[in-house]
Each structure stands twice: as C-alpha cells, then as structure tokens.
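Engineer: Everything below, folded, please.
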Amino acid sequence: MAVTSKTAPAAITRPSAAAEKPPNKYRQAFPQYAAVSPFFILFAIFGAFPVLFSIWISFHSWDGIGQMKWVGLEQYRYLLTDETFWKTIGNTMIIWVLSTVPMLLLALVIANALHNATRLRTFYRIAYFIPNVTSVVAITLVFGSIFSNNFGLLNAFLRSIGVGEVQWLTSPWGIKIAIATIVTWRWVGYNAIIYLAGLQAISADVYEAAKVDGASPRQTFWRITVPMMRPVILFTAVTSTIGGLQIFTESRVLFGDTSNIGGPGDAGLTIVSYLYQSAFIKNQFGYGAAIGWALFILIVLFSIINWRLIGGNDDERLTRRAARRVERRIAAQNAKREAADVHANVD
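Structural biologist: Below you'll find the model as predicted:
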C-alpha cells in the first residue's frame, strides 16, 4: 500500500504594517482646514483684496465707474503739493494731541482711583466703560447741542458765570476742542479699564516694600506704578495713535453738510474726512487711495516713535541709568577731592 504524503498548504502572508501605505497627512488635516476656511475666505474677499486693490487704483485715475487710466506716481506727487492735504494733517495732529494726552493721563488717574476704591467698584467700572459702547453718532449729536453757538449748554453756563460766549463750532480752535472732547469722553473709560487691569497685575509686595522704605504716595505712583505700567501705557499710546489719526465720524456728524464736512474754514477736516471727500464725494478714487496709503505711513511712523519713546529695550534703559549713576558718583568724588585740595592749599 503506497503511502502518499500531503504537504501543508503554504501560509498566507500578509504585508507588514511597515509596508502599508502611510496615510495622507493632508487628507487627515482636511476637516480642520475646512473648519477654519470660512474666516480666511471672508478675510481674502473683504480684507486682503480691498487692500491690494487700493494699492492698484492709487496708480490710476478712476471715477469708480469708467475705465481706469494709468498715471503712475502722479497721485502721490500731487499729494505732496496739496495744501488741503497738509492742512488736514495739521488738523488731525492738533485734535490728536488735544484728545490723547489728557485722555491717557485722566485714564491713569481714574484707574488708580478705581484700584484703591473699596466700595461700588463694579458700578464705577461699568459707568466708566458705558461711553465706549455708546453709539458715536448719538454721542456726537449730544455734544453738538452742548457746544452749540447760540443755544448750547456750555455757552449758557459761561453766560451764567459772567464769561462771554465762545463760538465753538465756527472758530478753528473751538472746532478742534469740541472734537477732541468727544474723543476723550468716549475713550477715557476704555483706557482706564485697561490701566486697571495692569495695576491689578502689580504685586502688593512692591507697594509694601515702598511703604517700609518711607516712599510717599506721589513717589510710589511715579517711581513704581508708572514704570511697571510701561507695557500697558505703550499699548494704549499706540492704539490711541492709530485711532486718533483715523478720526472721521465725530467731525462728519458734527458738520453734516456734505459740501463742507470739515466745518467753517475746514478747521475740522481730518485726513480720513479728506479721503472720504475725495473718493466718495468728488469720485476721485485713485487720489483717495493715495491719501489712505499716506495715512498708513503716518500711522506706522508715529507708532514707531511711541514705541521708541515709551517702550524700548529694558536692558538698554538699565545700562544707561547705571552709567548715569556711576558718572554722578565719579563727579561727586572729584568735586570732593578738588574741594579738599583747595582747603589744603589755603591752609
């Protein structure tokens, strides 16, 4: 009887995990990109494209409807010789100084008072912040009635105390003071809340050490609070600069006349108001775009100036202070030696 041997079937080999095709990382990340894509699509349409298009039309003469005409740098050349443009720069700077400097100082004082308050803290915070969330148009209309030449509340108060009336909305400085007051009233509470957050971040041990050393409240404020608040002050200075150079709504609502949106003598005509007048009233969109980019350059320059004046490098500041202290000590020692030599020669 023949014996037949059966061989076992060959084992089925499966590819190892290393040999499998790696997953596509782009396919795995697609749901995340799809989730955030609406923001980037909207930003590209309503943010990036208008900015790039404004650069393009600044080199053209265009009325918004007809065919564009390439003019190169002619818009910017005319901008440098435009007296009205330079006047708007002066108006904007004056209004910015009249509003920003008192606003930041007052906000710092209010924040310090709120930080030391013991009662009704939340109430005062809300009360100071309410002007910032109020409609700018409504605020301007209210202040327009306050600064009115004939029936304004401010002139009525001045008459009651025996002071003559002031033509707030017809004199150049009156117009600037009125606009600056509106800006200050609206933003002082916002900056005070920011300063308050910065004050709360300062450790109480620092103030206790200052008291132990015998520092007065004024010395504590100027030598401890203000230096430690420098990053917050820098932030408010930069944001106030950006907002101050873009003032538009206040002057536009205060003087509702479309043909003269800057008031009598263009005393309240700001850079953005002139941009609006050139582009949307005179239909000079190319020149309006050039004004917008000139404004952008001004904002960048003033932001850098604020950064250098208020911010800067802490190490450099400390090094300069240490060097000045050493120089003063050396000068004092030399003065003592000279005085001692003089007395020795006299004797």
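Engineer: can you pull out the helices in the stretch 101-250 of the chain?
Structural biologist: Ranges of helices in the stretch 101-250 of the chain, per DSSP state H, counting those that start in this stretch, are 121-133, 136-146, 153-160, 172-200, 204-212, 217-220, 226-228, 230-244, 249-254.
Engineer: so what does the last one touch, helix or strand wise?
Structural biologist: The elements that helix 249-254 packs onto, with contact taken as 3 or more CB pairs under 8 Å, 6 or more residues apart in numbering; DSSP states H and E, are helix 136-146, helix 172-200, helix 271-276. Bear in mind the C-beta positions are built from the backbone N, C-alpha and C, glycine included.
Engineer: Can you name the residues that contact the nearest residue in space to S58 that is not next to it in sequence?
Structural biologist: Closest residue to S58 in three dimensions, ignoring its sequence neighbours and counting by CB to CB, 6 or more residues apart in numbering: A289, at 3.9 Å. Listed by CB atoms under 8 Å, 6 or more residues apart in numbering, the contact set of A289 reads S54, I55, I57, S58, Q75, A279.
Engineer: re the thing from before, who wins for proximity to I299 among the helices of the stretch 101-250 of the chain?
Structural biologist: Proximity to I299, assessed across the helices of the stretch 101-250 of the chain by CB to CB, is greatest for helix 230-244 (5.6 Å).
Engineer: buried set for the closest one?
Structural biologist: Buried residues in helix 230-244, counted by 16 or more other CB atoms under 10 Å: V232, I233, L234, F235, T236, A237, V238, T239, S240, T241, G243, G244.
Engineer: next one: stretch 213-233
Structural biologist: So, applying 16+ other CB under 10 Å, buried residues of stretch 213-233: A215, T220, I224, T225, M229, V232, I233.
Engineer: And stretch 146-156, by the same measure?
Structural biologist: For stretch 146-156, burial by neighbour count (16+ other CB under 10 Å) applies to I146, F147, S148, G152, L154, N155.
Engineer: Any figure for the gap between the last one and V101?
Structural biologist: Using CB to CB, to the nearest Å, N155 is found at 25 Å from V101.
Engineer: count of residues packed around G90?
Structural biologist: Residues near G90, counting by other CB atoms under 10 Å, number 10.
Engineer: So for this protein, which residue is the most central one in space?
Structural biologist: Taking CA atoms, centre = their mean, the centroid of the chain lies closest to T239, which sits 1.2 Å from it.
Engineer: Distance check, that one against A35.
Structural biologist: 31 Å.
Engineer: Equivalent analysis for T181, please.
Structural biologist: Computed as CB to CB, the T181 to A35 distance reads 46 Å.
Engineer: Name the residue in the two with the higher neighbour count.
Structural biologist: Neighbours were counted for T181 and for A35 using other CB under 10 Å; T181 has more, 19 against 9.
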